[in-house]
Structures are given as structure tokens and as C-alpha cells.
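Trainee: Pasted the sequence and its predicted model underneath.
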Amino acid sequence: MTVTEAFQTFKSELELPERKQKLAASAQQDIRSRVANHLYVADSLLTGSYARYTKINPLNDIDVLFIRNRERVGLSTDGSGIFSGRALDEVSDAVNKAYPFTATVKKQSRSVNVQISGLDFGFDLIPAWLRNPDGYWIPDTDLNSWLPTNPDAHARIMTQANDRCDGRLKPVIKMVKHWSRNNYDHIRSFHLELICADIFSREQLTNFPIGVAIVLVRLPNYIGRQVMDPVYGVSRVDRPLSADEKTNLLLRTNSDAQNSVDALKLEAAGRHSEAIEKWKYIFLGGFPN
């Protein structure tokens with residue numbers, strides 16, 4: 001097997017299987033419908049990496065936005081008079097009524113995570129209010145406040161970046177997410193997408209191994225840097241890291257950056273088996289033989 005063939009196989013294996021896509025599509029429609037029987041929902045929609053086609057397994061947090069109003073509000077709150085914590089409580093209560101015996105519910109700072117018995121994936125349910133002039137207000141109980149977000153704009157950013165890379169960016173993002181998950185998992189999903197988009201706004205993405213190597217080489221420049229939402233600039237996209245977390249991640253990233261460069265050199269010399277072994281070490285599982 002050549003390195004190119006190995007990466008093509010890797011790309012295919014990171015894609016969600018058709019059966020799982022159909023199950024997820026059916027389950028997200030079901031949960032949207034059932035929750036709406038116990039909670040006023042003007043509309044609902046898929047958001048996050050699942051909707052942006054940059055999601056990898058496991059599907060434990062498919063994002064669903066529950067839109068709770070019909071008229072846009074321009075306040076720095078949701079416009080309904082309830083606190084952010086209460087907005088999450090209402091979603092949690094509705095889920096427990098919709099799935100009284102099969103749902104495991106966990107409230108998070110901005111969403112309610114739901115795992116349903118019998119499904120090998122879960123959901124993050126996010127209450128939202130239409131924001132004037134665009135986007136949505138979502139709760140943040142850590143700040144006891146409301147944050148603006150615009151998932152449609154986020155999706156456009158990633159679609160445009162992927163188009164500029166002739167469709168190669170999103171597969172590379174999935175590969176780098178796989179690497180990140182196996183290496184401390186300190187970089188948030190959307191943050192990693194924005195990092196990759198920024199890198200390839202200045203670099204050529206000619207193929208998958210070169211693309212992953214470029215990300216690993218450039219990634220240390222982004223680790224530990226605060227990054228704000230690209231649309232409104234008021235909420236952090238990055239996960240704050242402790243000194244030890246930053247040090248460990250930088251050490252691993254720099255090591256794998258050098259390993260990826262070595263892998264490219266081995267490939268260029270026609271030593272594909274050795275190059276593939278390097279990539280297997282970098283990804284720590286999941287890369288084909």
C-alpha cells in the first residue's frame with residue numbers, strides 16, 4: 001500500500017457510515033419532535049460539526065438548536081425574562097418528560113447533553129432565541145449571561161475555506177481531529193476547524209499527507225493563544241489550558257510535526273511502508289496498515 005492509498009482509506013474510514021448517518025438523521029428528528037411536545041419550540045435545526053460535515057466518531061454530542069421565539073430581540077438577554085440557567089432547566093425537564101426511562105441528561109454551561117439508551121450517539125440540545133439583527137442568543141451559565149452565536153455564518157466560513165482547498169480541507173480537519181483526540185484532546189472541535197482554515201488561507205493544500213504535516217508544523221503557533229468567535233468576537237472558541245497541559249501538548253505536537261516531515265521524506269524516497277509506520281505512530285491508532 002502506498003501512502004496515498006493509506007490516506008484515502010483513512011479518509012473513508014473517518015467518514016460516518018451510511019447506516020449510522022441514517023440512524024443519526026432519524027434520531028435527531030425524533031428528539032426534536034418529542035421535546036417539542038413538552039417545550040415551546042418555534043423551530044429547531046442541526047448545528048455544530050455534524051452540520052458542517054466535520055464530525056468524527058463517536059457521535060456523542062450532535063448539536064441541536066431549539067429556537068424559542070419568533071421575533072428577533074436586540075437585548076443582551078433572551079428577551080423572555082428568564083435566566084440562562086432556567087432556559088437549560090426547561091430543556092432538561094422536557095427531555096425527561098419525552099424520554100422518562102431511556103434518557104441520561106447532563107446539564108452543561110451552554111447546552112443539555114442527552115444520551116438515549118439503545119443509541120450509540122448522543123445530543124447537545126441548545127436553547128436559543130432569535131437575535132436582532134442576526135444570529136441567536138444562547139445561554140452561558142458559567143457567565144450567568146447570554147452569548148450571541150451565528151452557526152449559519154460558521155458553516156459559511158468552513159464551506160468557503162473548503163472550497164478554496166478544492167474539497168480537501170474538511171477531510172484534513174477530520175484527520176487532525178482524530179490526531180487531537182488521541183493526543184490529550186485539549187483543542188476544541190470548532191477551534192481546530194478555524195486553525196486549519198487559517199493555516200490554509202496562506203498555504204497550498206495539495207494532498208492529505210502534506211496537509212496534515214503542515215497543520216502539525218504550524219499548530220504550535222496557535223496553542224495557548226486566545227481565540228474569539230469569528231463572527232461576534234465576544235466568546236472564546238479555544239479551551240483554556242493549564243501550564244502543564246500547554247507544555248505537554250506542545251511537546252507532542254512538535255514531536256509529531258518532525259515525525260510527519262520525516263514521513264514525507266520517506267514517501268518521497270519511495271519507502272512507503274516506513275512512511276506509513278510513521279503515520280501510524282503519529283495518529284496513535286486508526287491509521288491503516
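Mentor: The structure has been received and is ready for your questions. Not measured: the values here are computed from a predicted model.

Trainee: Around Val217, how many other residues sit close by?
Mentor: 18 (other Cβ atoms under 10 Å). Heads up, the C-betas are built off the backbone N, CA and C, glycines and all.

Trainee: and it, what does it touch?
Mentor: Ala257, Ser260, Val261 (Cβ atoms under 8 Å, 6 or more residues apart in numbering).

Trainee: element containing it?
Mentor: For Val217, the element it lies in under DSSP states H and E is helix 208-218.

Trainee: helix or strand right after that helix?
Mentor: Immediately after helix 208-218, counting by DSSP H and E, sits helix 243-268.

Trainee: which residues sit in contact with the residue positioned nearest the centre of the chain?
Mentor: The structure's the chain has its C-alpha centroid closest to Ser189; by Cα atoms, centre = their mean the separation is 3.5 Å. Contacts for Ser189 (Cβ under 8 Å, 6+ apart) come out as Gly48, Ser49, Thr54, Lys177.

Trainee: do Asp152 as well
Mentor: Gly135.

Trainee: make it 10 Å
Mentor: Residues near Asp152 by Cβ atoms under 10 Å, 6 or more residues apart in numbering: Leu45, Thr47, Ala51, Asp134, Gly135, Tyr136, Val231.

Trainee: Just the element for it, please.
Mentor: Asp152 belongs to helix 151-164 when elements are defined using DSSP H and E.

Trainee: Quick one: distance of stretch 39-57 to the chain centre.
Mentor: Relative to the chain's own centre, stretch 39-57 is displaced by 11 Å; criterion: Cα atoms, centre = their mean, to the nearest Å.

Trainee: Only C-alpha atoms, please: export the lowest-mean-pLDDT helix or strand in the chain in PDB.
Mentor: Lowest on mean pLDDT, DSSP states H and E among the helices and strands of the chain sits helix 18-36, with a mean of 87. Presented in PDB, the C-alpha positions along helix 18-36 are these (Å, rounded to 0.1, in the frame of the first residue of the first chain):
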ATOM      1  CA  GLU A  18     -24.200   5.400   5.700                       C
ATOM      2  CA  ARG A  19     -26.100   3.200   8.300                       C
ATOM      3  CA  LYS A  20     -25.000   5.500  11.100                       C
ATOM      4  CA  GLN A  21     -25.900   8.600   9.200                       C
ATOM      5  CA  LYS A  22     -29.400   7.300   8.600                       C
ATOM      6  CA  LEU A  23     -29.800   6.300  12.300                       C
ATOM      7  CA  ALA A  24     -28.500   9.700  13.400                       C
ATOM      8  CA  ALA A  25     -30.800  11.500  11.000                       C
ATOM      9  CA  SER A  26     -33.800   9.600  12.300                       C
ATOM     10  CA  ALA A  27     -32.800  10.000  15.900                       C
ATOM     11  CA  GLN A  28     -32.300  13.800  15.700                       C
ATOM     12  CA  GLN A  29     -35.700  14.200  14.000                       C
ATOM     13  CA  ASP A  30     -37.200  12.100  16.800                       C
ATOM     14  CA  ILE A  31     -35.700  14.000  19.700                       C
ATOM     15  CA  ARG A  32     -36.600  17.400  18.100                       C
ATOM     16  CA  SER A  33     -40.200  16.200  17.700                       C
ATOM     17  CA  ARG A  34     -40.500  14.700  21.100                       C
ATOM     18  CA  VAL A  35     -39.000  17.500  23.100                       C
ATOM     19  CA  ALA A  36     -41.200  20.000  21.200                       C
END
